[in-house]
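Enquirer: I'll drop the sequence and a predicted model, then ask my questions.
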Amino acid sequence: MDDVDIHLVRRAKRGEIDAFETIVRNYQDFVYRTAYGVTQHHSDAKDVAQETFVKVFLSVKNLKEERTFPTWIARITARTALDWIEKHRHIPQSNVALERLASNKNESQAADARIDLQRGMNSLSPEHRMVLVLRDIQGFEYEDISNILEIPIGTVRSRIHNARLQLRRELLSSEGG
């Protein structure tokens, strides 16, 4: 985090709405990508992102160290996304868009690979999706993921390893099938 971001967080902690709006603009893609990585559904990820920013707005004044803001917002996003999955587990995820894309013969191999990857990610548990998103998409270090998810670093390593193995099996089976 640079000094400008730290200053924004300090201003937001004081209740300055324009500073918070800037934080939202600066972090909205990060929050959405993290939420989408877990939910694997656009509208759910938008809802999780919105809920995350409400939580951040209500609790930013309690943040002790401004430099920890990226990890702190990642933790809120992770918890919110996992809670969302838990609350909405009974609602079947629609793969209509995926099926439509898969049936279109004009789609490129890159689109097919994205579809396979999304299906593979959907096959993972929310906990496994979360560690992969935080590590491989958002680029957090193992220790940061441990802090974000509040789990031991050994559990982080194990989940990442197992998630990658499962994802690899899913992707290989989709190639062969």
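Expert: Sure, I can see it. Numbering: from 1, shown residues only.

Enquirer: element containing the residue nearest in space to the middle of the chain?
Expert: Nearest to the geometric centre of the chain sits Thr34, at 1.6 Å (Cα atoms, centre = their mean). In this structure, Thr34 sits in helix 17-39 according to DSSP states H and E.

Enquirer: just checking, what packs against that helix?
Expert: Counting contacts by 3 or more Cβ pairs under 8 Å, 6 or more residues apart in numbering; DSSP states H and E, helix 17-39 is packed against helix 3-13, helix 42-59, helix 69-87, helix 126-132. Yep, even glycine has a C-beta here, placed from its N, CA and C like the rest.

Enquirer: quick revisit: need the contact list for the residue nearest to the centre of the chain.
Expert: Contacts were defined as Cβ atoms under 8 Å, 6 or more residues apart in numbering; by that measure Thr34 touches Ala74, Thr77, Ala78, Ala81, Val133, Leu134, Ile137, Gln138.

Enquirer: before we move on, what about Asp5?
Expert: Residues touching Asp5, when contacts are defined by Cβ under 8 Å, 6+ apart, comprise Asn26, Phe69.

Enquirer: which of the helices and strands packed on helix 17-39 sits most buried?
Expert: Each of those was assessed for mean neighbour count using mean count of other Cβ atoms under 10 Å. The highest is helix 126-132, with a mean of 23.

Enquirer: so how far is that one from its chain's centroid?
Expert: Offset of helix 126-132 from its chain centre (Cα atoms, centre = their mean, to the nearest Å): 9 Å.

Enquirer: need the next SSE after that helix, C-terminal direction.
Expert: Past helix 126-132, further along toward the C-terminus, the next helix or strand under DSSP H and E is helix 142-149.

Enquirer: give the buried residues for the helix or strand following that following helix.
Expert: Tracing the chain past helix 142-149, the next element assigned as helix or strand by DSSP H and E is helix 153-176. Within helix 153-176, the residues that count as buried by 16 or more other Cβ atoms under 10 Å are Val156, Arg159, Ile160, Ala163, Arg164, Gln166, Leu167, Glu170, Leu171, Ser174.
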